[in-house]
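**Q** Prediction below, plus the sequence it came from.
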Amino acid sequence: MRANYRMQRLFVPGDLAAGMEIEPSVAQTHYLLHVLRMAEGGELLLFNGRDGEWLVRATAVAKKTIVLEAVEQMRPQPPLPDLLYCFAPLKQGRLDYLVQKAVEMGAGALQPVITQHTQVAKPGIERLKANVIEAAEQCGVLAVPLVREPMKFERLLADWEADRRLIFCDEDAETNNPLAALQAISEAKIGLLVGPEGGFSEAERKALRALPFVTAIPLGPRILRADTAAVAALALVQATVGDW
Ligand code: SAH
């Protein structure tokens with residue numbers, strides 16, 4: 001069932017169940033009272049990543065506070081997609097964009113990977129999580145992806161699960177069309193890896209191509225920016241071996 005795009009949607013950390021009273025955060029309360037000018041009886045949707053999506057109604061509206069009562073579940077909680085999205089952190093603005101698109105496109109977990117040419121060695125995890133929540137609120141994504149701690153490239157490969165296919169976007173691939181390589185994948189568990197603006201080093205490319213669980217794919221005849229490559233790769237992966 002697709003999300004209802006007309007209603008406002010907010011993420012809350014606490015549980016959601018019929019009859020439960022929820023006090024939004026200070027920032028959310030300000031938004032509801034002063035931006036949406038919500039009055040008693042006003043309705044919106046809440047989700048927490050565990051209990052599905054709930055219709056809630058404002059039952060007590062005061063000058064600085066608002067209480068929301070959970071009325072009914074509008075959509076059940078879907079499982080997290082089993083798509084591990086691995087990316088070399090980019091500079092802030094592009095990183096915000098990349099994270100939000102990965103959420104919209106159905107990633108189940110986000111894994112920052114520090115490669116040789118990665119520009120941002122320590123991405124702000126809290127900011128990544130805030131972007132995940134924002135994208136989920138805007139696009140009605142109920143399965144909120146996990147944001148993992150950054151990992152070095154070598155460690156990512158050393159710890160890789162043997163039954164998960166790692167699709168790596170190789171800007172030096174000889175061919176241009178990825179479809180045959182993607183359609184040859186049989187594993188249900190998928191990982192996707194997109195490199196940094198400076199691309200993968202030769203040593204990294206060699207290490208990847210030597211691994212049995214790795215499929216290298218081209219993304220066409222032109223070099224794409226890393227955030228463009230991310231969206232293109234996610235669309236191709238979801239359309240061939242993902243949940244589209
Ligand atoms: N070294 C080049 C490429 C970097 S592009 C440069 O500095 O511009 C950033 C990442 O996007 C690459 O590491 C790769 O994962 C992906 N990418 C970009 N264009 C691609 C293509 N045509 N084929 C496959 N992957 C691509």
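**A** In hand now; what should we look at?

**Q** buried stuff in stretch 119-139?
**A** Along stretch 119-139, the positions that meet the burial threshold by neighbour count (16 or more other CB atoms under 10 Å) are V120, P123, L128, K129, N131, V132, I133, A135, A136, E137. Glycine gets a C-beta too; all of them are placed from N, C-alpha and C.

**Q** I'd like to know which of those are part of helices.
**A** With DSSP state H as the criterion, helices contain L128, K129, N131, V132, I133, A135, A136, E137 from among those.

**Q** With A58 as the reference, measure out to the fourth one.
**A** Distance, V132 to A58, by CB to CB, to the nearest Å: 26 Å.

**Q** next one: the last one
**A** Distance of E137 to A58, given as CB to CB: 18 Å.

**Q** what does the model give the residue nearest the centre of the chain for pLDDT?
**A** In the chain, the C-alpha closest to the average C-alpha coordinate belongs to V103, at a distance of 2.6 Å (CA atoms, centre = their mean). What the model reports as pLDDT for V103 is 97.

**Q** That one belongs to a helix?
**A** Yes - the assignment for V103 is a helix, going by DSSP: H, G, I helix; E, B strand; the rest coil.

**Q** Model confidence at the residue lying closest to it once chain neighbours are set aside, what's the number?
**A** Using CB to CB, 6 or more residues apart in numbering and skipping residues adjacent in sequence, the residue nearest V103 is A135, 3.8 Å away. Turning to A135, the model gives it a pLDDT of 97.

**Q** Which segments of the chain make up each domain?
**A** Residue ranges for the structural domains of the chain, counted by automatic domain parsing, are given in the record as 9-75, 83-240.

**Q** deepest of the ones you listed, which one?
**A** domain 83-240 (a mean of 18; mean count of other CB atoms under 10 Å).
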